[in-house]
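> Quick one, fold the following:
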Amino acid sequence: ANGNLLTFSEHTEGTRISLDTENASLSSALINGAEATIIEKNGWTAVVWSANNRLFVVDIEGAENNEALRVATSVMLAR
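Modelled structure (predicted):
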């Protein structure tokens with residue numbers, strides 16, 4: 001409703017991804033016990049973390065990092 005764009009992706013071990021970190025603000029947080037990197041740049045926030053031999057990325061255009069973190073912490077592995 002407010003124009004934010006949310007993207008979620010899951011990658012297998014060894015996959016290479018590219019995220020724009022040039023002149024970005026980088027920080028870290030714990031996502032369900034795993035260390036995550038938070039990238040913030042020009043109204044875009046991405047949360048990247050690894051768990052169970054998978055790489056996860058949540059990114060939101062037009063949202064604060066607390067919204068991206070809230071979405072990332074809600075991700076659960078289906079078994």
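> switch to C-alpha atoms for all contacts and neighbour counts from now on
OK.
> Show me what the least confident helix or strand in the chain by mean pLDDT packs onto, helices and strands only.
Lowest by mean pLDDT, DSSP states H and E among the helices and strands of the chain is helix 65-73, with a mean of 88. For helix 65-73, the helices and strands in contact under the criterion 3 or more C-alpha pairs under 8 Å, 6 or more residues apart in numbering; DSSP states H and E are strand 25-31, strand 44-51, strand 54-61.
> how about those strands, which one is nearest Leu77?
Across the helices and strands packed on helix 65-73, the minimum distance to Leu77, taken as C-alpha to C-alpha, is reached by strand 44-51, at 9.2 Å.
> pretty sure Val48 is touching Phe56, no?
Yes: look at Val48 against Phe56 with C-alpha atoms under 8 Å: they come within range, at 5.7 Å.
> more crowded one of those two?
The residue with more neighbours, out of Val48 and Phe56, is Val48; 22 against 18, by other C-alpha atoms under 10 Å.
> List the contacts of the least confident helix or strand of the chain.
With C-alpha atoms under 8 Å, 6 or more residues apart in numbering as the test, helix 65-73 has contacts from Ile31, Asn32, Ile38, Glu40, Thr45, Ala46, Val47, Val58, Asp59, Ile60.
> what angle do that helix and strand 54-61 make?
Note on geometry: by axes from the mean of the first three to the mean of the last three C-alpha atoms, to 10 degrees, helix 65-73 and strand 54-61 are set 150 degrees apart in direction.
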